[in-house]
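Trainee: build me a model:
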Amino acid sequence: MENRSGRVTTKKDQGILHIGIQRPDKKNALTLAMYDALTTALNLAEDDNQIRVVLLHGTESCFTSGNDLHDFAKNPPQGENSPVFRFLRAISQARKPLIAMVSGAAVGIGTTMLLHCDLVYADETARFQLPFVNLGLCPEAASSYLLPKLVGYLHASEILLLGETIAADKALELGLVNSIFPSTDLSQQVRNKALQLAAQPPASVRLTKSLLREQQAQQISEVMSKEGKLFLQQLAKPEAQEAIKAFSEKRKADFSQFS
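Mentor: This is a model prediction of the structure:
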């Protein structure tokens, strides 16, 4: 069974819910409608007893380039109940195991959503980037809390402050991904992992995930809320407006006028 909602697809298969970000003509950039569809799919997984595992993926050439900045500029988030923040709450509070399969670019929320997944697999083409500062913004998805815990403070500072691209081998070294597979084998290898996990005792899997996550659940919620408020404040400021305008005009942003 496969359903399509905008550019997000869902397919149930042997206890696995495949959620696909499928907008290759725009490098899988996420719109408000796509965030709504992703949230709906995650909620479906929570409510369907036949679903044991959720598998998130993009296309063969790209996971997601992050927010569609044109859609984002026209329809900026209007508070914590906006589609993007509802999606982040849904993925951070998911009870069932989440597996991510990454090929190509994983930019912005394309990387921060991975911090809420339980297993992350990629191929050698995967590239990760958190360019929030580059855009005059601040981290989101509790990444200012989760990233230092995962990779250490100095690495997290470099990733967030400079916004540079991280190659697949470096991501593996830092612990951002579990394994790197050849592009030709990635889909089958990840499917095998998902089937293996789906065959495990489901209540035990959910309980183990809960125990792994519960010690930081409150902190994640609080940091995510604080980041969200600051993100919205930054979005309205001149630095972010210059960054978004420069992106639209395909030029380098000039922040020399700001102090």
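
Trainee: CA only for contacts and neighbour counts going forward, please
Mentor: Noted.

Trainee: counting contacts, what elements does the one helix or strand residue 219 maps to pack onto?
Mentor: Element membership for residue 219 (DSSP states H and E) is helix 202-235. Other helices and strands packing on helix 202-235, by 3 or more Cα pairs under 8 Å, 6 or more residues apart in numbering; DSSP states H and E, are helix 143-151.

Trainee: relative orientation of the helix holding residue 219 and helix 143-151 in degrees?
Mentor: Our comparison of helix 202-235 with helix 143-151, counting by axes from the mean of the first three to the mean of the last three Cα atoms, to 10 degrees, yields an angle of 130 degrees.

Trainee: avg pLDDT for the helix or strand that helix 202-235 is followed by?
Mentor: In the C-terminal direction, the helix or strand that comes right after helix 202-235 (DSSP H and E) is helix 238-248. Mean per-residue pLDDT for helix 238-248: 90.

Trainee: what do you get for stretch 123-134?
Mentor: 98.

Trainee: what does it rub up against?
Mentor: Contact with stretch 123-134 is made by 61-62, 102-112, 138-139, 159-169, 171, 180-183, 186, 243, as judged by Cα atoms under 8 Å, 6 or more residues apart in numbering.

Trainee: picking that back up, please identify the buried residues of the helix holding residue 219?
Mentor: 202, 205-206, 209-210, 213, 220-221, 223-225, 227-228, 231-232, 234-235 (16 or more other Cα atoms under 10 Å).

Trainee: run the chain-centre distance for it.
Mentor: With Cα atoms, centre = their mean, to the nearest Å as the basis, helix 202-235 stands 13 Å off its chain's centre.

Trainee: what's the answer for stretch 44-61, then?
Mentor: For stretch 44-61, the distance to the chain centre is 14 Å (Cα atoms, centre = their mean).

Trainee: any idea of the mean pLDDT in that stretch?
Mentor: pLDDT averaged over stretch 44-61 gives 97.

Trainee: ranges for the strands of the stretch 51-200 of the chain?
Mentor: Assigned strands in the stretch 51-200 of the chain, in chain order: 53-57, 62-64, 98-102, 105-107, 119-123, 127-129, 166-167, 179-181 (criterion: DSSP state E, counting those that start in this stretch).

Trainee: can I get the ones you listed in a markdown table including mean neighbour count?
Mentor: What follows is the strands of the stretch 51-200 of the chain, written out as a markdown table (neighbours: other Cα atoms under 10 Å):
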| stretch | mean neighbour count |
| --- | --- |
| strand 53-57 | 24 |
| strand 62-64 | 29 |
| strand 98-102 | 26 |
| strand 105-107 | 25 |
| strand 119-123 | 23 |
| strand 127-129 | 25 |
| strand 166-167 | 18 |
| strand 179-181 | 18 |
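
Trainee: which ones are touching the residue nearest to residue 113 when sequence neighbours are not counted?
Mentor: Residue nearest to residue 113 in three dimensions, not counting chain neighbours: residue 141, with 7.0 Å by Cα to Cα, 6 or more residues apart in numbering. Residues near residue 141 by Cα under 8 Å, 6+ apart: 88, 109, 112-113, 224, 227-228.

Trainee: what pLDDT, on average, does the helix holding residue 219 get?
Mentor: 95.

Trainee: just to revisit the earlier point, nearest to residue 195 among the contacts of residue 141?
Mentor: Of all the contacts of residue 141, residue 195 sits closest to residue 113, with 21.9 Å by Cα to Cα.

Trainee: I figured the closest one was touching residue 87, is that so?
Mentor: No - if you go by Cα atoms under 8 Å, residue 113 and residue 87 don't touch, sitting 9.4 Å apart.

Trainee: these two: which is more packed in?
Mentor: The neighbour count for residue 113 versus residue 87, taken as other Cα atoms under 10 Å, is higher for residue 87 (24 against 19).
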